[in-house]
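Novice: Here is a sequence together with a model predicted from it:
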Amino acid sequence: MNKPRWYTFKGNTNASYKHLIELRYQVLRLPWNQPLSSAMDDTDADAIHAVAYIDSIMVACGRLHICDNLTGQIRYMAVSPKFQKTGLGAGLILQLEAEALKLKLKFLHLNARDTAVTFYEQFGYKNQGYIFTLWNCIQHYKMLK
């Protein structure tokens, strides 16, 4: 695998945003027959996005949403199936946490799918317990750091 090229940007007008939405859709929505529109929301315009490219193809993306002066939320973490378990997810967390530090945020939270709880625990996120089931099949847990 060639070395990934990391890139962060704010908002939803960057040229990479279209590719980001497609990757989110392919990884986080299509396998559960959800519409493309579910891969985006109104807060994308104000959020900070982190992406990784390998050979000009976006292979990972995640988002930091600023909730208030102290708190941010990580959302829409997606790694292309071909590149999962290669460290790109860890790279996303590190990129997004670096952005949170620049903004002097004190707390980060996220809603982890049941299959990702142990991944986030590796980075110091604490499981606060079950919060909801998405599409009647994917349990989510509140994680806090």
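Specialist: Nice, thanks for sending it over.
Novice: Quick check: which ranges of this structure have low pLDDT?
Specialist: Residue ranges of the chain with pLDDT under 70: 132, 134.
Novice: hang on, residue 37 in a helix?
Specialist: Yes: with DSSP: H, G, I helix; E, B strand; the rest coil as the criterion, residue 37 is part of a helix.
Novice: Next one: it relative to residue 24, how far apart?
Specialist: Separation of residue 37 from residue 24 (C-beta to C-beta, to the nearest Å): 11 Å. Heads up, the C-betas are built off the backbone N, CA and C, glycines and all.
Novice: These two - which one has more neighbours?
Specialist: Per other C-beta atoms under 10 Å, whichever of residue 37 and residue 24 has more neighbours is residue 24, with 23 against 10.
Novice: Residue 143 touches residue 123, doesn't it?
Specialist: No: counting by C-beta atoms under 8 Å, residue 143 stays clear of residue 123, with 9.3 Å between them.
Novice: list the contacts for residue 36?
Specialist: Counting by C-beta atoms under 8 Å, 6 or more residues apart in numbering, residue 36 touches 21, 25, 29.
Novice: switch to 6 Å and redo it
Specialist: Residue 36 makes contact with residue 25 under the criterion C-beta atoms under 6 Å, 6 or more residues apart in numbering.
Novice: what's the spacing between it and residue 22?
Specialist: For residue 36, the distance to residue 22 (C-beta to C-beta) stands at 8 Å.
Novice: circling back to that earlier point, and for residue 37 and residue 24, which residues touch both?
Specialist: Jointly contacting residue 37 and residue 24 under the rule C-beta under 6 Å, 6+ apart is no residue at all.
Novice: element containing residue 105, please.
Specialist: Element membership of residue 105 [criterion: DSSP states H and E] is none; it lies in no helix or strand.
Novice: Surely it touches residue 73?
Specialist: No: Residue 105 is not in contact with residue 73 according to C-beta atoms under 6 Å; the separation is 9.9 Å.
Novice: so where do the strands sit in this protein?
Specialist: 5-10, 48-54, 57-66, 71-79, 107-113, 126-134, 138-144 (DSSP state E).
Novice: a markdown table for the ones you listed, including mean neighbour count and distance to residue 100?
Specialist: Shown next, in a markdown table, are the strands of the chain (neighbours: other C-beta atoms under 10 Å; distance: least, C-beta to C-beta, whole Å):
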| stretch | mean neighbour count | distance to residue 100 |
| --- | --- | --- |
| strand 5-10 | 15 | 11 |
| strand 48-54 | 22 | 9 |
| strand 57-66 | 22 | 6 |
| strand 71-79 | 22 | 5 |
| strand 107-113 | 19 | 6 |
| strand 126-134 | 11 | 16 |
| strand 138-144 | 17 | 13 |
